[in-house]
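**Student:** predicted model follows, preceded by the sequence.
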Amino acid sequence: MAFAPSDPPASDGTLTAHKILIAGGFGAGKTTLVSAISEVRPLLTEEPLSAASVGRDNLRGLPNKTTTTVALDFGRITISDSLVLYLFGVPGQERFWFMWDELAYGALGAVVLADVRRLDDCFPSVNYFETRELPFIVAVNCFDDAPRYDLAEIRLALDLDEDVPVVLCDARQQASVKTTLIRLVESIAADGTLPAHGRSLTIGR
């Protein structure tokens, strides 16, 4: 699936649609985020962890993790009368990275979910979006048992540019997720990189 440019929106209230990636390390909460915010039944591709994942998927700090995304998560959220976002949750494990380029095609920006218990797991996502110059923000997922750090400390630890927003997010809470997505769109608009018109969902390129 990809996004191809659509015609400019009409003045009759037609929605402008944009594609947003939800990235981050294994177990960072991507599926939870998409499920919490989607206004339609989300498409989830979670499967039980199997023997094939032993030694490949790092479960450090994730004692209750029993499933993993094997393709993508997909959801939709209407932000305002004129803006709808299609959310694509990308798998976090290295063996699935071959799908990232296809999923990133046509994306407006990305949210990188960070788990402070495993902060180094989000470095590949940060590096991917920095390399491809795709706008992104880092959303620190507030797990109940995770230590609390100042956002400035997290920014320093991830070596982020000053123009990359870092926010707190509870991936289980719809309002928190919506605030995070709005912050991403606001950041892109402030940089002047928000397209003048939307993109429509198409199959293939």
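**Tutor:** Okay, I see it.
**Student:** which helices and strands does the longest helix seen in the chain pack with?
**Tutor:** Longest helix in the chain, counting residues (DSSP state H): helix 174-190. Packing partners of helix 174-190 (3 or more CB pairs under 8 Å, 6 or more residues apart in numbering; DSSP states H and E): strand 16-24, helix 30-37, strand 73-80, strand 83-89, strand 109-114, strand 136-141, strand 166-169. (Glycine included, C-beta is placed from N, CA and C.)
**Student:** tell me the contacts of residue 141?
**Tutor:** Taking CB atoms under 8 Å, 6 or more residues apart in numbering, we find residue 141 in contact with 24, 28, 29, 33, 113, 114, 115, 169, 170, 171.
**Student:** check which helix or strand the second one maps to.
**Tutor:** Per DSSP states H and E, residue 28 falls between elements, in no helix or strand.
**Student:** how close does the spatially most central residue of the chain get to residue 86?
**Tutor:** Centrality entry for the chain: nearest residue to the mean C-alpha point is residue 22, 1.3 Å, by CA atoms, centre = their mean. For residue 22, the distance to residue 86 (CB to CB, to the nearest Å) stands at 11 Å.
**Student:** before we move on, what about residue 37?
**Tutor:** Applying CB to CB to residue 37 and residue 86 gives a distance of 12 Å.
**Student:** can I get the helices and strands packed on helix 174-190 in a markdown table with distance to residue 43 and mean pLDDT?
**Tutor:** Formatted as a markdown table, those follow (distance: least, CB to CB, whole Å; pLDDT from 0 to 100):
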| stretch | distance to residue 43 | mean pLDDT |
| --- | --- | --- |
| strand 16-24 | 13 | 94 |
| helix 30-37 | 9 | 92 |
| strand 73-80 | 4 | 90 |
| strand 83-89 | 9 | 93 |
| strand 109-114 | 18 | 97 |
| strand 136-141 | 21 | 97 |
| strand 166-169 | 21 | 96 |
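**Student:** to residue 121, which of the ones you listed lies closest?
**Tutor:** strand 16-24 (7.2 Å; CB to CB).
**Student:** so which of the contacts of residue 141 wins on neighbours?
**Tutor:** Most neighbours among the contacts of residue 141, by other CB atoms under 10 Å: residue 33, with 31 neighbours.
**Student:** correct me if wrong: it contacts residue 24.
**Tutor:** No: when contacts are counted by CB atoms under 8 Å, residue 33 is not listed as touching residue 24 (9.0 Å).
**Student:** out of the helices and strands packed on helix 174-190, nearest to residue 128?
**Tutor:** Of the helices and strands packed on helix 174-190, nearest to residue 128 by CB to CB is strand 16-24, at 7.5 Å.
**Student:** what comes up buried for the longest helix of the chain?
**Tutor:** Buried residues in helix 174-190, defined by neighbour count with 16 or more other CB atoms under 10 Å: 176, 177, 178, 180, 181, 183, 184, 185, 187, 188.
**Student:** tabulate the helices and strands packed on helix 174-190 (a markdown table), appending distance to residue 98.
**Tutor:** Output for the helices and strands packed on helix 174-190, formatted as a markdown table (distance: least, CB to CB, whole Å):
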| stretch | distance to residue 98 |
| --- | --- |
| strand 16-24 | 15 |
| helix 30-37 | 17 |
| strand 73-80 | 17 |
| strand 83-89 | 15 |
| strand 109-114 | 18 |
| strand 136-141 | 20 |
| strand 166-169 | 27 |
